[in-house]
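Q: test case, fold it:
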Amino acid sequence: MTMFRRRLLQGAAAAALPLAAARAAGFNDAPPNARDQRPAFAGQTRAPVIRDSATPRAQVVAGGLENPWGLAELPGGGWLVTERPGRIRRIGRDGRLSPPIAGVPSVDFQGQGGLLDVAVRQNFAEDRRVWWSYAEPRGQGLNGTSVATGTLSADFTRFEDVRVIFRQQPGWRSTLHFGSRLVFDRQGMLFVTTGERSLPEPRELSQDVSTHLGKVLRITPEGGAAPGNPAIAGGQPEIWSFGHRNLQSAALGPDGALWTIEHGPRGGDELNRPQPGRNYGWPAISYGLEYSGRAIGQGRTAAEGMEQPLYYWDPVIAPSGLAFYDGPLFPSWRGSLLVGGLAAMSLVRLTLDGQRVTGEARYLEGQARIRDVRVARDGAVMLLTDSAEGELLRLTPA
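A: Model (predicted):
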């Protein structure tokens, strides 16, 4: 039995638990790891705590998920969910969990690797196409982030015409930092976020545009560089932006732009709105430290030609999953960014004024590692908990 479900049962026989809104105002009280660093502008970190009158409740929709990672709502109702060991399942509108859908390629399920994100387009009812990202074994111990697509059978039991449309290059011997989120833009092109594989040697390749490591990429739904990508001298044609660390949060904003959040090391989780051809600095600049406590590189937080994050966290929240809230159930949340927190064990909400963060709140504090966040068509907030006994949760007003 999962920790979250135990808490539900301990509270009462009811199937839902009210969650105090931003009640732990102390999350801004913890000292930063990098105590000598200073933000580049006011409000770049530690935004004021939101005093939220909305009190959500969480209901378990489905359990029995082994390390779920990605979630996609189906137009006819229900959800597709990935499990890192290499399975995609359907969760019905009644919460029923299907057997694994056949046809998924083998994944490298080690460390942070495995089956990652999943995405469908608005016209799923017509073409039944599904896209997913995963850690692909490349032989001789090498692996890398790849994207595959296939057509889901009418009975939801198998994928047909499965093909790999993107392979991150170069492959590496690492079980860390694969990324990866999939986001379709308004032109129908697919953003793919990748990690830089974490180890000292490959992480330097975030700055090397001849590689796909530590990049935001933009490809066509069939594979290959998307039209309109920036022309970067010596760069791979799929690259949209570079100098990223490990991007596990991405969503399209109301303005049609991509927003991302990447993991920092000890401090330095970053919110960005990646612009084409821009360099976001890792590992040359960072608002974090090495896990040993030493400075990263020369210890710089800014450099000529490198972009500043819109917002950063120190200590980290360990972000995974991202959604803009635009639903009817939480009117005071409209326009907010909702972020899954793994280390923070919270749903994190940010309010925005344009591209500036104006406030932060946290929900479900200490109750679950949140791996993915989606907003359902009815306005409920859907959360995946990261656990060997993971669950799909539904948040609605108490």
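
Q: state the distance from Gly299 to Ala368.
A: 35 Å (C-beta to C-beta, to the nearest Å). Every C-beta, even on glycine, is put in place using the N, C-alpha and C of the backbone.

Q: start and end of stretch 146-159, how far apart?
A: The straight-line separation of the ends of stretch 146-159 (C-alpha to C-alpha, to the nearest Å) is 17 Å.

Q: quick one: mean pLDDT over it.
A: In this model, stretch 146-159 has a mean pLDDT of 98.

Q: cool, stretch 331-350 as well?
A: The average pLDDT for stretch 331-350 rounds to 97.

Q: next, the buried residues of that stretch.
A: 333, 336-342, 344-350 (16 or more other C-beta atoms under 10 Å).

Q: with stretch 75-94 instead?
A: So for stretch 75-94, counting by 16+ other C-beta under 10 Å, buried means 78-84, 86-91.

Q: tell me which of the residues you listed has the lowest pLDDT.
A: Minimum pLDDT across these is recorded for Gly78, with 95.

Q: now for it: which residues touch it?
A: Arg90, Ile91, Gly92, Arg93 (C-beta atoms under 8 Å, 6 or more residues apart in numbering).

Q: at 10 Å instead, please
A: Contact analysis of Gly78 by C-beta atoms under 10 Å, 6 or more residues apart in numbering lists Ala62, Arg90, Ile91, Gly92, Arg93, Asp94, Gly95, Arg96, Ser98, Phe156.

Q: so Leu205 sits in a helix?
A: Yes. Membership of Leu205 in a helix is supported by DSSP: H, G, I helix; E, B strand; the rest coil.

Q: could you measure from it over to Leu182?
A: 22 Å.

Q: any idea how many residues pack against the residue lying closest to His212 once chain neighbours are set aside?
A: Nearest residue to His212 in three dimensions, chain neighbours excluded: Gln168, at 4.3 Å (C-beta to C-beta, 6 or more residues apart in numbering). Applying other C-beta atoms under 10 Å, we find 29 residues neighbouring Gln168.

Q: any idea how far Arg181 is from Gln168?
A: 14 Å.

Q: and what of Asp353?
A: With the distance defined as C-beta to C-beta, Asp353 ends up 25 Å from Arg181.

Q: higher neighbour count, those two?
A: Arg181 (26 against 10).

Q: quick check, the more buried one in contact with Asp372.
A: Yes. At 9.0 Å, Arg181 counts as touching Asp372 under the criterion of C-beta atoms under 10 Å.

Q: which residues are in contact with both of the two?
A: Joint contacts of Arg181 and Asp372 (C-beta under 10 Å, 6+ apart) are Gly70, Asp117, Gln248, Ser249, Ser320, Gly321, Leu322.

Q: great, nothing more from me.
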